[in-house]
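Chemist: Pasting the sequence and the predicted model now:
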Amino acid sequence: MNILILTYGTRGDVQPYIALGQGLKRGGHCVTVSTSSRFSGAIEAAGLHYAYMNDGMLTLLDTPEDQGVLEDTNNIFQVVKRTLGLLKKVGPIQRALADESWEAAQQSQPDMIVFHPKAFTAPDIAEKLGIPVAMALVVPGLVPTAEYPNMMLPRLKLGGWYNKLSYSFVNLLIGLSVAKHARTWRQENNLPKAKSFSLLQTHDGTAIPVIHGFSKLVVSRPDDWPRTASICGYWYTEDGEDYEPTPELSAFLAEGLPPVYVGFGSMTGRDPERLASMVIEALQGAGVRGVLATGWGGIKIKTLPQSITAVDQVPHSWLFSRVRGVVHHGGAGTTAAALRAGKPSIVIPFFGDQPFWGDRVHTLNAGSAPIPLKRLTVDRLQAAIEEITTDQNMIDDAEALGMRLREEDGVENAIATIESLAGVPNQALQRTSR
């Protein structure tokens, strides 16, 4: 099959889909990944075809000012206010993404589309082409359940009615952001007018299958999910197998006890220099060595003591196995990598799904209680670092969970589901018998 993967967002919204694409390619499929142009090199290096999307949305997130707009979104009224405030900026970008998604489909001529919710016209494009479509998510963020509220909203103990309502609220916000662009695209491409906008249903009400790329060991499947929603396990790239560290990093890792990793991906907050200063002081106060990742966005560093080294971008699958613990923002991808490595975490959530993953890590005793960025202090971070490096029960529980996660094959499970949805259910059986 020709399979088109449409995704958009930060590295955590792209890397798992590259892993999925690589697995599909190993299974004999031709895969095109369409996403922000800044990831074109990574996609082509993974042996997959790339189709263009603009970089506009991510450019907005590169600035501390626009990241600050999104912080502290556990207040419902602030969620609405800030979302509406961003629409003026992102509207033209979203319209362009709709057109670029269609261009990617015309270029790749897919037999099936697998999409991230930010590629919101994917169901319409699939309808236009008369092909199957499936949503692929690395977070449990859209399929309603009474068991817990949507991860974007507060975990109020109001019962199942509130939990289910929270998903309707988030889906309403998504509709406010993108529905008009989807309607315009359908009209321009001579498709029937949809009764309402939903990423979970086609225009005629047929349920869209949702494939989740995380582990049931971390988030169990709710009993009230529809049969069309599945959990497959994490989707990892094996980018650490061929990685060669710099001589400086190799020497640092060899010269003392394993360090604690600190990195926040593309997150910076309003004051990156202050964040870096707090991290350095907390590491020194706890008496542990540290590896600070600057990377894309990240934290800004002026000078470092000898007990701390800085790196740009190092594969998590390589580095996390060589550290004592991981301090991070709670992005789905980084959380998964830390859990799979079996290392205790400290999650410092900025916004979005990050508080949810911080709570999950703590509940599983695979890390300390999360510290929201707004409440971060040197003393709190130092105490958490001391906890994850000395609490033997936590260290043992994190390692035990990591061992179980490393036995899963989420990519293979997802491929079997995709092939079944496309009408080729015997592919997986044939592949495993080769």
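Modeler: Now that the structure is in, tell me what you want to look at. Numbering: from 1, shown residues only.

Chemist: confidence score at residue 76?
Modeler: According to the prediction, residue 76 has pLDDT 48.

Chemist: any chance you could map the helices in the stretch 1-150 of the chain?
Modeler: For the stretch 1-150 of the chain, applying DSSP state H, counting those that start in this stretch gives helices covering 15-26, 40-45, 56-61, 64-70, 76-108, 122-129.

Chemist: Looking at those helices, which is nearest to residue 316?
Modeler: Closest of those to residue 316 is helix 15-26, at 9.2 Å (criterion: Cβ to Cβ). All C-beta spots, glycine's among them, are computed from the backbone N, C-alpha and C.

Chemist: Show me what that closest one is packed up against.
Modeler: When contacts are defined as 3 or more Cβ pairs under 8 Å, 6 or more residues apart in numbering; DSSP states H and E, helix 15-26 sits against strand 2-6, strand 30-36, helix 40-45, helix 332-341, helix 410-421.

Chemist: Dump those to JSON lines, plus mean neighbour count and mean pLDDT.
Modeler: Conversion of the helices and strands packed on helix 15-26 to JSON lines gives the following (neighbours: other Cβ atoms under 10 Å; pLDDT from 0 to 100):
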{"stretch": "strand 2-6", "mean neighbour count": "26", "mean pLDDT": "97"}
{"stretch": "strand 30-36", "mean neighbour count": "25", "mean pLDDT": "96"}
{"stretch": "helix 40-45", "mean neighbour count": "15", "mean pLDDT": "93"}
{"stretch": "helix 332-341", "mean neighbour count": "26", "mean pLDDT": "94"}
{"stretch": "helix 410-421", "mean neighbour count": "21", "mean pLDDT": "94"}
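
Chemist: do you know which of these lies nearest residue 215?
Modeler: helix 410-421 (7.0 Å).

Chemist: Residue 373 is nearest to which of the helices of the stretch 1-150 of the chain?
Modeler: Each of the helices of the stretch 1-150 of the chain was checked against residue 373 via Cβ to Cβ, and the shortest separation belongs to helix 64-70, namely 10.0 Å.

Chemist: picking up where we left off before, looking at the helices of the stretch 1-150 of the chain, which has the lowest confidence?
Modeler: Between the helices of the stretch 1-150 of the chain, the one with the least mean pLDDT is helix 64-70; it has a mean of 48.

Chemist: I'd like the helices and strands packed on helix 15-26 as CSV, with distance to residue 184 appended.
Modeler: Formatted as CSV, these follow (distance: least, Cβ to Cβ, whole Å):
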stretch, distance to residue 184
strand 2-6, 18
strand 30-36, 20
helix 40-45, 27
helix 332-341, 31
helix 410-421, 28
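
Chemist: hang on, the earlier thing: wait, which of the helices of the stretch 1-150 of the chain is closest to residue 367?
Modeler: helix 15-26 (20.6 Å).

Chemist: quick one on the thing from earlier: what's the closest of the helices and strands packed on helix 15-26 to residue 103?
Modeler: When the helices and strands packed on helix 15-26 are compared for distance to residue 103 using Cβ to Cβ, the nearest one is strand 30-36, at 8.5 Å.

Chemist: contacting residues around the closest one?
Modeler: The contact list for strand 30-36, computed with Cβ atoms under 8 Å, 6 or more residues apart in numbering, reads 1-9, 13-14, 17-18, 21-22, 24-25, 43, 48-55, 57-58, 100-101, 104, 107-108, 110, 119.

Chemist: and the residues you listed, which are buried?
Modeler: The neighbour count (16 or more other Cβ atoms under 10 Å) marks 1, 3-9, 13-14, 17-18, 21-22, 24-25, 43, 48-51, 53-55, 57-58, 100-101, 104, 108, 110, 119 as buried among the contacts of strand 30-36.

Chemist: Which one, of the helices and strands packed on helix 15-26, ends up nearest to residue 131?
Modeler: Nearest of the helices and strands packed on helix 15-26 to residue 131, taken as Cβ to Cβ: strand 2-6 at 9.1 Å.

Chemist: tell me the pLDDT at residue 297?
Modeler: We have a pLDDT of 51 for residue 297.

Chemist: Kindly report the same for the one 4 residues further on.
Modeler: Predicted confidence (pLDDT) at residue 301: the value is 70.

Chemist: Show me the strands in the stretch 301-434 of the chain, by range?
Modeler: Along the stretch 301-434 of the chain, counting by DSSP state E, counting those that start in this stretch, strands occupy 308-311, 325-328, 345-347.

Chemist: per-residue pLDDT, residue 161?
Modeler: At residue 161, the predicted lDDT confidence score is 94.

Chemist: How about it, nearest residue that isn't a chain neighbour?
Modeler: Nearest-residue entry for residue 161: residue 146, 7.6 Å, with adjacent residues in sequence omitted and distances by Cβ to Cβ, 6 or more residues apart in numbering.

Chemist: Was I right to think that neighbour contacts residue 166?
Modeler: No. The pair residue 146 and residue 166 fails to qualify as a contact (Cβ atoms under 8 Å) at a distance of 10.3 Å.

Chemist: on that earlier part again, let me see the confidence value for the residue nearest to residue 161.
Modeler: Residue 146 is assigned a predicted lDDT (pLDDT) of 95.

Chemist: and it, how far is that from residue 347?
Modeler: Look at residue 146 and residue 347: by Cβ to Cβ, to the nearest Å, they are 26 Å apart.

Chemist: likewise residue 322?
Modeler: 20 Å.

Chemist: Could you check which of residue 146 and residue 347 is surrounded by more residues?
Modeler: For residue 146 against residue 347, the residue with the higher neighbour count under other Cβ atoms under 10 Å is residue 347, and the figures read 29 against 16.

Chemist: where are the low-confidence patches of the stretch 101-250 of the chain?
Modeler: Residue ranges of the stretch 101-250 of the chain with pLDDT under 70: 239-240.

Chemist: what's the distance between the closest residue to residue 6 other than its chain neighbours and residue 33?
Modeler: Leaving aside its sequence neighbours, residue 6 sits nearest to residue 119 (Cβ to Cβ, 6+ apart; 3.5 Å). As defined by Cβ to Cβ, residue 119 lies at a distance of 11 Å from residue 33.

Chemist: can you check residue 317 too?
Modeler: Taking Cβ to Cβ as the measure, residue 317 and residue 33 are separated by 19 Å.

Chemist: and if you look at residue 313?
Modeler: Distance of residue 313 to residue 33, computed by Cβ to Cβ: 19 Å.

Chemist: Ok, residue 404 next?
Modeler: Counting by Cβ to Cβ, the gap from residue 404 to residue 33 is 29 Å.

Chemist: what do you get for residue 318?
Modeler: Applying Cβ to Cβ, one obtains 23 Å for the distance of residue 318 from residue 33.

Chemist: what's the answer for residue 271, then?
Modeler: Taking Cβ to Cβ as the measure, residue 271 falls 35 Å from residue 33.
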